[in-house]
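>>> Generate a structure from the sequence data that follows.
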Amino acid sequence: MGDKIIFISGDVEMVERIFNSINNSSSVRDIKNVAKWEFHEYEKQQLQDDDDGIVVKILMMENRKPVYYFFNSKDFVLTKQNSNEGQIYSIGAHQKEAMEYCLDVQSGQPALGIDEVIVNAFHHIADETVGGKLHCFMISNDGIAEGQIEIKDSKPLKKAKGIYFPYHCTLDGNLIARNATLVNADISGNINMTSGTMSWSNINSDPTISTAQTTANTAINGVSAIASGTYSGTFINGKMIYSPTLQGGRIIGNSIEGSTITGATIIGGLFKTSDSGNRIELNSSGLNSFNGSNQLHGVRIESSNYSSLGFWSDGTFRGSVEAINGDLQIKPSGGNLVLNANTNTVVLQGKVDFSDAIVTGLVPVFG
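Purely as a prediction, here's the structure:
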């Protein structure tokens, strides 16, 4: 993402929310604040104690040197590790064994490229829990290069009496079975059948009553159509109205939800791009941008002075651009005003007045 390689482990939905709340310009501290906020929101939604945590690892370049950041949900303490020389990081199943093999191969066969060393390592450790595609990233001052390669499984599933063992567990905790006999089972969740048949020979009651089945199918189809938005009629129950179109002069209520709201004029007290996390808010006081810790972060325009654009960073005022008496002024706060064109040229046009300035370090170069 941008100039960073980011790895996050944990609950998939929570991790997706973290990635959806950051962007290419997010700093390491921004990522940590978003992860901390989303993890605490995730904890509030758990019905019971859950040991699931998150681990975040970030690799990037700083001052033309590789830097490795790390934190987890135990304490959200940000740890930084510098590296003057290139290093290999392995993330995934058997990562310790993969790293040891990489170092052994690299020292014993220095002529091999680093990509060949890494691929050989994962081919070597591949077993029932390592397979599929190996994702490799290489970061340098030239940017980020990435690639994928199929991992050759050198240790296939074990066999018993010439037959593959009938089940295996994936890393996300799913049990996959060709044949399974359950003598007693307590199932608290849902059973979803995507194919196959179910035999009812030993079920205590008969579920094949045609009238009940027809009624149930009709109800299921109607509910599915309502949920998917394909229901062609209007359905009203005690709390909801389901219809393809509602037409009228006015809707009064506390909340309107939808993927798209179209209208000529929207008048209201508060507009938010998100309910929490990184967002922009527009209300009677002006326009404000916030980070994941609910601090002013980014631009701010106060309704009391629309001719001033303020800049904030993690709750601290950093400066402003203001129109005063026909002039446009740039005012930094707590730091210097830097005009940085990198390898390009800063061009000044018109008259330059230094009469009220103290000039230092100015060495004229002509030509």
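>>> which other helices and strands contact the host helix or strand of Glu16?
Following DSSP states H and E, one finds Glu16 within helix 12-20. Contacts defined by 3 or more C-beta pairs under 8 Å, 6 or more residues apart in numbering; DSSP states H and E place helix 12-20 against strand 4-9, helix 28-45. Every residue, glycine included, has its C-beta placed from N, CA and C.
>>> Can I get the shortest one as CSV, trimmed to CA atoms?
Once non-C-alpha atoms are left out, strand 4-9 reads as follows in CSV (Å, rounded to 0.1, in the frame of the first residue of the first chain):
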residue,chain,number,x,y,z
LYS,A,4,4.7,0.2,2.6
ILE,A,5,4.4,-3.6,2.7
ILE,A,6,1.7,-4.3,5.4
PHE,A,7,0.9,-7.7,6.9
ILE,A,8,-2.0,-8.0,9.3
SER,A,9,-3.2,-11.3,10.9
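>>> Neighbouring strands - and their directions - for that strand?
Paired with strand 4-9 in the same sheet, following DSSP bridges, are strand 55-62 (antiparallel).
>>> Tell me what angle the partner strand forms with helix 28-45.
Angle, strand 55-62 to helix 28-45, by axes from the mean of the first three to the mean of the last three C-alpha atoms, to 10 degrees: 170 degrees.
>>> OK, contacts around the spatially closest residue to Asp52 that is not a sequence neighbour?
Once flanking residues are discounted, Asp52 sits nearest to Asp11: 5.3 Å by C-beta to C-beta, 6 or more residues apart in numbering. Asp11 is in contact with 42, 52, 54, counting by C-beta atoms under 8 Å, 6 or more residues apart in numbering.
>>> List the buried residues of the helix or strand that contains Glu281.
Here Glu281 sits within strand 279-283, counting by DSSP H and E. Burial within strand 279-283, assessed by neighbour count using 16 or more other C-beta atoms under 10 Å, is assigned to 279, 282.
>>> Any quick PyMOL command for the buried ones out of the contacts of Asp11?
Of the contacts of Asp11, the buried ones can be selected in PyMOL as follows, counting by 16+ other C-beta under 10 Å:
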select buried, resi 42+54
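>>> would you turn the contacts of Asp11 into JSON lines with distance to Val119 and pLDDT?
Listed next are the contacts of Asp11 as JSON lines, based on distance: C-beta to C-beta, whole Å; pLDDT from 0 to 100:
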{"residue": "Tyr42", "distance to Val119": "35", "pLDDT": "84"}
{"residue": "Asp52", "distance to Val119": "31", "pLDDT": "70"}
{"residue": "Ile54", "distance to Val119": "29", "pLDDT": "88"}
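>>> count of neighbours near the closest residue in space to Trp37 that isn't next to it in sequence?
Nearest non-adjacent residue to Trp37, counting by C-beta to C-beta, 6+ apart: Gly292, 4.6 Å away. Residue neighbour count, defined by other C-beta atoms under 10 Å, stands at 25 for Gly292.
>>> got the contact list for Gly292?
By C-beta under 8 Å, 6+ apart, the contact set of Gly292 is 21, 30, 33-34, 36-37, 276-278.
>>> Which secondary structure element of the chain has the lowest mean pLDDT?
Counting by mean pLDDT, DSSP states H and E, the chain has its least confident helix or strand at strand 167-169, which shows a mean of 49.
>>> In the stretch 51-200 of the chain, where is pLDDT below threshold?
For the stretch 51-200 of the chain, applying pLDDT under 70 flags the ranges 51, 84-88, 90-93, 106, 127-132, 153-185, 188-189, 195-200.
>>> can you rerun that using 50?
Along the stretch 51-200 of the chain, segments meeting pLDDT under 50 span 164-167, 169, 171.
>>> dump the residue contacts of Pro364.
Under the criterion of C-beta under 8 Å, 6+ apart, Pro364 has no neighbours.
>>> Tell me if it really is in a strand.
No. Using DSSP: H, G, I helix; E, B strand; the rest coil, the assignment for Pro364 is coil, not a strand.
>>> measure it to Gly113 for me?
Computed with C-beta to C-beta, to the nearest Å, the distance linking Pro364 and Gly113 is 50 Å.
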